[in-house]
Structure formats: structure tokens, C-alpha cells
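Q: quick one, what's the 3D model for this:
(chains A and B)
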Protein chains: 2
Amino acid sequence: MFVARRVRSSVNFAKGTKAFSALAGVDSTKTIIHQTTHPKAKLEKEKLKFGTTFSDHMLEIDWDAEKGWGKPLIRPYGPLNIDPASSSLHYALQCFEGMKAYINDDGKIRLFRPDMNMARMNSSMERLFLPTFDSKEMIECIKQLVLLDKDWIPKGDGYSLYLRPTGISTHPHIGVSASSKAKVFVILSPVGPYYPEGFAPVKLYADDKYVRAWPGGTGNTKIGGNYGSTIMPQYEASKKGYSQILWLFGEEHFVTEVGTMNLFVYWINENGEKELVTAPLHRGDILPGVTRDSILQLTRGWGEFKVTEHTITMPSIVKAQKEGRLLEIFGSGTAAIISPVELINYNGVDINVPLDAEDGKSGKLTKRIWKEMTDIQYGRVEHPWSVVIN
Amino acid sequence: MFVARRVRSSVNFAKGTKAFSALAGVDSTKTIIHQTTHPKAKLEKEKLKFGTTFSDHMLEIDWDAEKGWGKPLIRPYGPLNIDPASSSLHYALQCFEGMKAYINDDGKIRLFRPDMNMARMNSSMERLFLPTFDSKEMIECIKQLVLLDKDWIPKGDGYSLYLRPTGISTHPHIGVSASSKAKVFVILSPVGPYYPEGFAPVKLYADDKYVRAWPGGTGNTKIGGNYGSTIMPQYEASKKGYSQILWLFGEEHFVTEVGTMNLFVYWINENGEKELVTAPLHRGDILPGVTRDSILQLTRGWGEFKVTEHTITMPSIVKAQKEGRLLEIFGSGTAAIISPVELINYNGVDINVPLDAEDGKSGKLTKRIWKEMTDIQYGRVEHPWSVVIN
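A: Residues are numbered from 1 along each chain as shown, chains lettered A, B, ... in the order given. Prediction:
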């Protein structure tokens, strides 16, 4: 319901005329396909570098405030013609999603919880006052694209096709105002395992200088503006020898996210209970990660330890570590799925995080969650989250 | 000095190889001009709508991490070919400036403090880890463009050519990382007076739900990410009957900016002194406006009342209004120059701001500042801020 209402209000704001009912929605049955006549050579999968290789085709769907969504177009991957006054280039009217398509040995192709990504993309579009869309129809269009380029899905453990749905304003107007033209496009990038040699635990720098997001801001949406400003702080951390930033918030140094991932802490809490904890969503400064939500559901399903969403502070992590209660820490996100943490620099001191003595690369729980998640994603275990599309 | 250092570190980060000395800077003497063969028809100046009409030409300068800045290109206004993976469309790696060119009766064309805009653009580029440039050379390139399109500068009081320098990443890589390709482009838009019928004072909605900027964030730079998220709150305010948002910060409700402008309060302070006050820059949540700085210098030069940069809270404005000490409030920015405020809705109550009884459209000081500023901008009064370019 809220989707329809928002589309209508966008239009009213932009034009003050059309009612929602008169506007066209995304219709996957009307997709036009212009197939490439020059298929690209595929890189050997071992040479893939995250986010630099793209498949033969892309999806584009245009929207305008008078007509609504136009016919989906699948066409050869290539440049977008963007007016230099387009507000996507001036006011960051842009949002995106990260998803993956997995292929298993018998050729079945799976998407992981695409409904979650589309719902979040609609919430991002809404936050930018861009038009929303019907998630199911958008997923159908994405399926068409993935099936056309299915030979681009690299096979094997850790390999997948990364999907990047993106929404931008194409309104050529340099006033800061509602867009009356927009575009959703989807590009596909074959990717290899994030950690080709098995887990490589990361060293974090807990930053109290830069703040990623704040209450009343946009940290709970996946809009472009949340990302560009993280590159300089990330560079400063890397100069100090840390590979990711641990984003803090407030004077109490709440732990929020790590790099572009959610963060999980596994510890024995002050009450002596084993607990897996991640930052809560209610302040609006945390991205509601699909992997985050899946890990919460999965581990709650086990019923083996307490699983909670509540505020964690850096001092409470330091205290737990000193008292031998800190068990494991890991990041979660679509790109790496799970990223074990071995160390956090806080106030100039390196806080070591325990790793499994066997391989020294991750904790035992971290490894177990990673295995269960990837078993579902690759279809080694049947699960409703994993949607077969062929 | 800091410019050179940053360019070098960007390159090292991106590539780890080239030293700054090997990279080309912007060189205005190398500008290539492709003049249009199809000049556009010009709209009657009375029909101009802010930011929707563009001149015949635009400027483009490309940068890459291997070679530095390429030759400036002035070419017919038209679309940019942007790779769909370009990080300007995904991570809001984009920033901009707003400047104006004014023409007076004897044909002299003036830019207002272009050095300030270019210094701020470099600080925005730096915050995004994009390459910086030599301000003087960039101003020379902009002059070449403005002079080529000088017939697009509308004549008359309140008319000007709005210049929009924009910096974007063109790096086709969907990892969140330093750009190794970027572009600066400049487009020109003829504009009419912001208030064609003389001042129209605005009604503000003091918002405690959305927060524009945060210490440790990016509110002190002019990057795209600061703007896109303001459109939905702006729409919510407009539905309530208020034309602009007054952005607050913190539990004390610090007054920060209004819409996309800085805010000035003229009052009799608690010590009984006449004072013009605007929010301070030190928290990093205020854009260092060129108009803001000019008003501070101008009014300090008069020596007639106290001029300060310090924190103002909404409760202190409410108190001053109740005690009859509130004299005037106005916004300042390049587009409107000065925008008088007649009312602020705060906590559900409309707080009236005094206006000059003569015309009921602005305060006397507001009008005086507007006149002195525009006298300088149009060259009716000679001033070093106003740079003649022909």
C-alpha cells in the first residue's frame, strides 16, 4: 500500500496533476530485448576482480511523472546518455542494491531473498523522493536479464554473478527538487570468492573522527550519498595499517557498522550468557542488511545461545576482551557474506579478537554461519530464501 | 600546498605508482573549442525558470590517475556518456558549485569571488578523494566558456548567468574505492530574479525529525550527498504550508541552515546589544557560504553593530521574539543572494519575524545588505570581489 501512495505523492509534488491510477507500473511481460551482436570474451574466473568485469547485457526501465514506468529494455551493456544537468549527478539522487545469482553443479540458478533487496530499494527510492515500483515485476525483469546472461555466472564454490540494481534521477533540472524523470538499471558482474585462500581475518580501525550516519539521516537506506564520503576515512585507516573502518556513533562510541557491512559480536555477556549481538535498527543509522537479517533468523532458529539486536559500545567490547568474554567478531554483507575480524584498534590500542586455534583465520561460529549461509545460497541445502529462477 | 599533496595521495591510493610531479595539471592555454553549428534559440528572459535552460556550450576536463588532467574541452551542450558502473552513479562521488556571471549596461561581465568557489570545490573533491586542481587555471577555463556564451547572460537587474561547475567520478568500478578516473564539467544556465516582484518573505518549518548534517559528516562541503536527502523533508514541510526547512541540530535545537542557504539572525542579544549572528563553522555541519562570508565581511566593515558567528538555538529565537528583541531573519546563498524570513514554525507554533512596516516584505537591514551585495555583483559599485572578465 505504501508504495502506491508514495508514487502518487511523488507525482503530485512534481506535477500536481496525475493520479497514481493513471500511471503505468513496471510490466515484465512488455520487456524489449536487444541482444548483442558482439558478445564479449569472458575472463578466466580465477582472474575476476570484484566489480570490474560486466556481462553482455543490462536492463533499463525509464520513469516519468506523466506516464509512469516505461517498457523494460534489455540491451547490450554500454554507456548511459545522461544530461549534464541530471540531478543524479548533482544531488546524489541515486540508490542501489547488491544481490547475487548462484549456479550449482546441475545448472540450477538461484537468487538469495530478492524480495528483501527490492523492498529495501523501494525504501531508498522513497527516501530520495524517486518513484517506487512493484517488487515482483522488477524481480521478473531481473530474472530475464540473468537468464539471458546465464553463461556469465561463474561456476564453483565462492563464485557468483553480482547483480547491481541502481535507481537514478534523470531529470535535467539543477533546482533541488522532486524528480520528474528517473531510471532503474541493472548491471551484472561475475565475481570470485572474496577470500580466495579461505578466510582472511581483517584488522579494523575504530574511528571517532568521521561519522557514517546519524539519527534523522539516511543510514538506514542504500543511497549513494552514504558511500562516497567513506573513501577518504577508509584511506586514512589503510595508511595506518587497518583494512576497514569500524564506524562509531556518539560519545558512548556505539559500534554501528564495519566498512560497508553490518557487525556481529559473539561474547559471554555481563550476565554470563553466550550471546550473538548486532546493532539495532531503531536509531535509523544502520543498514538493514539482508545477510544481517538472515544470520539473525538462522541463529535464532538454532536456539543454542541468545541472539539480540541492541546497542554495543566499544568500551563494552574492550571490557569483555580484558575479562576473556569476547569470543568472535565478524562483519556481514552480500559481497563477502561473512568477514571475520581479528583485531580492532581503539583509542590507539590494538584489541585482539580470538580466532579458532586450528587455522587462525576465523572463529568457529563465524565459520559455521558462513557454511550454513553459503549452503543455502548455492542450493546445497534447500531453503525458501533461495529462489530457483530456471 | 595541500592541493598538490592530496592529488599525489589520491594517485598513490588508486595506483600506488605515479608521483604528483609526473601528472598534468589543468592548463587553460590548451583548451580545445568545438563550437556549435546549431545555436539554440534563446528564451525571452521573463520566461526563464531557475535551472531549466542551458546555454550553447559546456566545459569538460577529464582526469585519470596515470596522466592527470587532460586538455580542457569546450563543446556543444549535450549528454555525457557515462558507464553504468561509474561510481558517480553508485556512491555519489560528485560535488558542485554555484556561481554567477553578471553583465552591466556597458557590457562588462563580472564573476563574484570565483576563487572562493574554486577553493571550496577543491575541498569537496578532496573529501570525496577525487583529484584537486589549480583554481586559477580552472577559473581561466570557466572564463573562456562564459565569454564564448556571453550572449546567454541576460541583461537587467536581478538577471545573471548561473554557472554550475561539477566534479564527478567516471571510474567504472563498483567497489567502494578511490576513483582513478574523474571529470569536471561546467554548464551555464541563464536565470532571472529569484523574486521577480521584489522580495517575497518565506515561511520556515523548523524540523526536528530530519537532520541535514552531523559533526564528522560532510555538511561543510558541497557534495551531492548533502542534497538528495533533503527533498522528501522539504516536501513534507511544503504539505504543511511552509516553503523551506529550517535545519536544526542536537537536543538543544541549534539553528544551522535554511533549505540550501545559510541563516542570519539580527536581534538585540541578551546583553542588550544589536547583533547579527550566523551559525559557526567549527562543528563542520555548516556550508561555508560565499554569500555568508561576504555578508560577514561587509557588515563587520560597517562597524555599526556586533557581527558574530556562534551557536543560535531555536529556544533563544523564541525568547527574543517574545521579549521584542528579534529584529530580522534572512537566508543567504548564491541563487537568491538574500531571502527574508517572515515566520518560523517551531514545535507546532508559528513564530512571527518582524518585517519592515513600509512594504511588509523584508527587514530594513536585509534590504540594505541585499542592495550592497548586488551593487557589488553588478558592478554599480567597484569592489575587488567582483572580477571583470572581458
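Q: so for chain A, the centremost residue is which one?
A: Centroid-nearest residue in chain A: A:G98, 4.3 Å away (criterion: CA atoms, centre = their mean).
Q: for stretch A:64-71, what is the distance to the chain centroid?
A: Offset of stretch A:64-71 from its chain centre (CA atoms, centre = their mean, to the nearest Å): 27 Å.
Q: give the buried residues for it.
A: For stretch A:64-71, the neighbour count (16 or more other CB atoms under 10 Å in any protein chain shown) marks A:D64, A:A65, A:G68, A:W69, A:G70 as buried. Backbone N, C-alpha and C define where each C-beta goes, glycine included.
Q: nearest to chain B among those?
A: Lowest distance from chain B to the buried residues of stretch A:64-71 (CB to the nearest CB) belongs to A:A65, with 13.6 Å.
Q: once you drop chain neighbours, what's closest to the closest one?
A: Closest residue in space to A:A65, ignoring its immediate chain neighbours: A:S180 at 3.8 Å, by CB to CB, 6 or more residues apart in numbering or on different chains.
Q: for A:P215, same thing?
A: A:P215 sits nearest to A:R283 (CB to CB, 6+ apart), 5.0 Å away.
Q: do the same with A:S189
A: Nearest residue to A:S189, sequence neighbours excluded (CB to CB, 6+ apart): A:Y162, at 4.6 Å.
Q: quick check, that neighbour in contact with A:L188.
A: Yes - using CB atoms under 8 Å, A:Y162 is in contact with A:L188, at 7.2 Å.
Q: so for the two, which sits in the more crowded spot?
A: Remark: of A:Y162 and A:L188, A:L188 carries more neighbours, 27 against 21, as counted by other CB atoms under 10 Å in any protein chain shown.
Q: which ones are touching that one?
A: By CB atoms under 8 Å, 6 or more residues apart in numbering or on different chains, the residues touching A:L188 are A:54-55, A:57-58, A:101, A:145-146, A:149, A:152, A:161-164.
Q: tabulate the buried residues of stretch A:64-71 (JSON lines), appending secondary structure.
A: Putting the buried residues of stretch A:64-71 into JSON lines (DSSP: H, G, I helix; E, B strand; the rest coil) gives the following:
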{"residue": "A:D64", "secondary structure": "strand"}
{"residue": "A:A65", "secondary structure": "coil"}
{"residue": "A:G68", "secondary structure": "strand"}
{"residue": "A:W69", "secondary structure": "strand"}
{"residue": "A:G70", "secondary structure": "coil"}
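Q: and the residues you listed, which two are furthest apart?
A: Farthest pair in the buried residues of stretch A:64-71 (CB to CB) is A:A65 and A:G70. Separation: 12.3 Å.
Q: gap between A:R113 and A:H383?
A: Relative to A:H383, A:R113 is positioned 10 Å away (criterion: CB to CB, to the nearest Å).
Q: swap in A:S316?
A: As judged by CB to CB, A:S316 and A:H383 stand 34 Å apart.
Q: and for A:G303, the neighbour number?
A: 8.
Q: which parts of the stretch 201-350 of chain A sit against chain B?
A: For the stretch 201-350 of chain A, the contact set with chain B under CB under 8 Å from any CB of the partner chain comprises A:209-211, A:214-218, A:223-232, A:234-235, A:238, A:259-260.
Q: of those, which belong to helices?
A: Counting by DSSP state H, these place A:I231, A:M232, A:Q234, A:Y235, A:S238 in helices.
Q: Serialize the residues you listed to a markdown table and add fields for neighbour count, pLDDT and distance to A:Y195.
A: Formatted as a markdown table, those follow (neighbours: other CB atoms under 10 Å in any protein chain shown; pLDDT from 0 to 100; distance: CB to CB, whole Å):
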| residue | neighbour count | pLDDT | distance to A:Y195 |
| --- | --- | --- | --- |
| A:I231 | 23 | 96 | 22 |
| A:M232 | 21 | 96 | 26 |
| A:Q234 | 24 | 95 | 19 |
| A:Y235 | 18 | 95 | 22 |
| A:S238 | 15 | 95 | 18 |
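Q: out of those, which one sits closest to A:I33?
A: Nearest member of those to A:I33, counting by CB to CB, is A:I231, at 36.3 Å.
Q: pretty sure the closest one is touching B:H171, no?
A: No - the pair A:I231 and B:H171 fails to qualify as a contact (CB under 8 Å) at a distance of 10.9 Å.
Q: let me see the contact set for A:Y346.
A: By CB under 8 Å, 6+ apart, the contact set of A:Y346 is A:A206, A:H253, A:M314, A:I317, A:V318.
Q: cutoff 7 Å now
A: Applying CB atoms under 7 Å, 6 or more residues apart in numbering or on different chains to A:Y346 gives the contacts A:A206, A:M314, A:V318.
Q: got a winner among these for most neighbours?
A: Neighbour counts for the contacts of A:Y346, by other CB under 10 Å, peak at A:A206, which reaches 22 neighbours.
Q: avg pLDDT for the helix or strand harbouring it?
A: Per DSSP states H and E: A:A206 is located in strand A:202-207. Mean per-residue pLDDT for strand A:202-207: 95.
Q: endpoints of stretch A:269-284, how far apart?
A: Length of stretch A:269-284, first residue to last, CA to CA, to the nearest Å: 25 Å.
Q: same question, stretch A:180-199
A: For stretch A:180-199, the separation between the terminal residues is 46 Å (CA to CA).
Q: so which bits of that stretch are buried?
A: Neighbour-count burial for stretch A:180-199 flags A:180-193, A:195, A:199 (criterion: 16+ other CB under 10 Å).
Q: count of residues packed around the residue in the stretch 151-300 of chain A that chain B sits nearest to?
A: Closest approach between the stretch 151-300 of chain A and chain B, counting by CB to the nearest CB: A:G225, at 2.7 Å. Using other CB under 10 Å, A:G225 is surrounded by 27 other residues.
Q: give me every residue that touches it.
A: Residues near A:G225 by CB under 7 Å, 6+ apart: A:A92, A:T218, B:A92, B:G224, B:G225, B:G228, B:S229.
Q: swap in A:F112?
A: A:F112 makes contact with A:K100, A:Q377, A:W385, A:S386, according to CB under 7 Å, 6+ apart.
Q: for chain B, state which of the residues you listed is nearest.
A: Nearest member of the contacts of A:F112 to chain B, counting by CB to the nearest CB, is A:K100, at 12.9 Å.
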